[in-house]
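Chemist: curious how this folds, go ahead:
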Amino acid sequence: LSTAGGFGNFKKCIGLEYNPVFVERAREKVASFSNPSIQVLERDVVEFLTSQQEVDLNMRQEVTAVFMYLLPKGLSQIKPGLEAWKAECPNLKLASYMFAIPEMEYTRVDRSSKGGC
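Modeler: The predicted structure is shown next:
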């Protein structure tokens, strides 16, 4: 979300977080950006990706980029939902921090020594 806060070249950025403590922290950070295109939701990402509710379907159509901060097990769990979303929205950009999405084709991989991994 910090990266999104510095740029305005996206249609809509959402953050999904299950833990209410982290939701509040993220919302405080987003408030400092003064960018109305960024929204943090207290949601389970698996439920969001599989939801057929109109509000979620519409939101998935509006989002142009997804950033994930998940461990490999979590990335494996959401991979089918991400693939379906990407099929519906071919221009959707996916980014994962620290861990690759298992068996997914990449257009670019950036590596940094900052994390020590």
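Chemist: where does the protein have its least confident helix or strand?
Modeler: Of all helical and strand segments in the chain, the minimum by mean pLDDT, DSSP states H and E falls on helix 2-5, at a mean of 54.
Chemist: direction included, what does the helix or strand just after that one pair against?
Modeler: Using DSSP states H and E, the next helix or strand after helix 2-5 towards the C-terminus is strand 13-17. Sheet pairing for strand 13-17, assigned by DSSP bridges, gives strand 38-42 (parallel).
Chemist: the strands in this structure, which residues?
Modeler: All strands of the chain, identified by DSSP state E, fall at 13-17, 38-42, 65-68, 93-96.
Chemist: looking at the ones you listed, which is nearest to residue 55?
Modeler: Between residue 55 and the strands of the chain, the shortest gap by C-beta to C-beta is with strand 38-42, which sits at 10.6 Å. For every residue, glycine as well, the C-beta is placed using N, CA and C.
Chemist: how about the CA coordinates for that closest one, as CSV?
Modeler: Extracted C-alpha coordinates of strand 38-42, given in CSV (Å, rounded to 0.1, in the frame of the first residue of the first chain):
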residue,chain,number,x,y,z
ILE,A,38,-6.7,3.2,-2.0
GLN,A,39,-9.0,1.3,0.3
VAL,A,40,-8.3,-1.3,3.0
LEU,A,41,-10.9,-3.9,3.7
GLU,A,42,-11.1,-6.3,6.7
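Chemist: which other residues reach it?
Modeler: 1, 4-5, 12-18, 20, 23, 26-27, 30, 48 (C-beta atoms under 8 Å, 6 or more residues apart in numbering).
Chemist: so what's the gap between that strand and the chain middle?
Modeler: Relative to its parent chain, strand 38-42 has a centroid offset of 10 Å by C-alpha atoms, centre = their mean, to the nearest Å.
Chemist: buried residues in that strand?
Modeler: By neighbour count with 16 or more other C-beta atoms under 10 Å, strand 38-42 contains the buried residues 38, 39, 40.
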